[in-house]
Each structure stands twice: as structure tokens, then as C-alpha cells.
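1. predicted model and sequence follow; I will ask about them next.
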Amino acid sequence: MEKRCNECENAVEFESDDDKIECPECGHVILIH
């Protein structure tokens, strides 16, 4: 799956069982709901 970072607009790949991921571009933590 993929989610866009709120801070830098980078598209970040994540696994469906993750509850949060860290953006590799800016380090912002993205919560998966």
C-alpha cells in the first residue's frame, strides 16, 4: 500500500499490518488508520 506524507508530499510504501510508518524523506511519522 502507499500513503502520502503530510509534510513533504512524498509517497511512502507500507505494509497493511503497519500502524505507523516513518517518511524516509523528512522523517515525519505517518499514522495508518
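-> Cool, got the structure.

2. show me what contacts Lys20?
-> For Lys20, the contacting residues are Val29, Ile30, Leu31, Ile32, by Cβ atoms under 8 Å, 6 or more residues apart in numbering. The way it works is simple: take the backbone N, C-alpha and C, and place the C-beta from them, glycine included.

3. format the residues you listed as a markdown table; extra columns: neighbour count, pLDDT and distance to Cys8.
-> Formatted as a markdown table, those follow (neighbours: other Cβ atoms under 10 Å; pLDDT from 0 to 100; distance: Cβ to Cβ, whole Å):
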| residue | neighbour count | pLDDT | distance to Cys8 |
| --- | --- | --- | --- |
| Val29 | 11 | 98 | 13 |
| Ile30 | 17 | 96 | 11 |
| Leu31 | 10 | 96 | 16 |
| Ile32 | 13 | 91 | 17 |
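
4. which of these fall within strands?
-> Those of the contacts of Lys20 mapping onto strands are Val29, Ile30, Leu31, per DSSP state E.

5. tell me which element the closest residue to the second one other than its chain neighbours falls in.
-> Using Cβ to Cβ, 6 or more residues apart in numbering and skipping residues adjacent in sequence, the residue nearest Ile30 is Ile21, 5.1 Å away. Assigning secondary structure by DSSP states H and E places Ile21 in strand 20-22.
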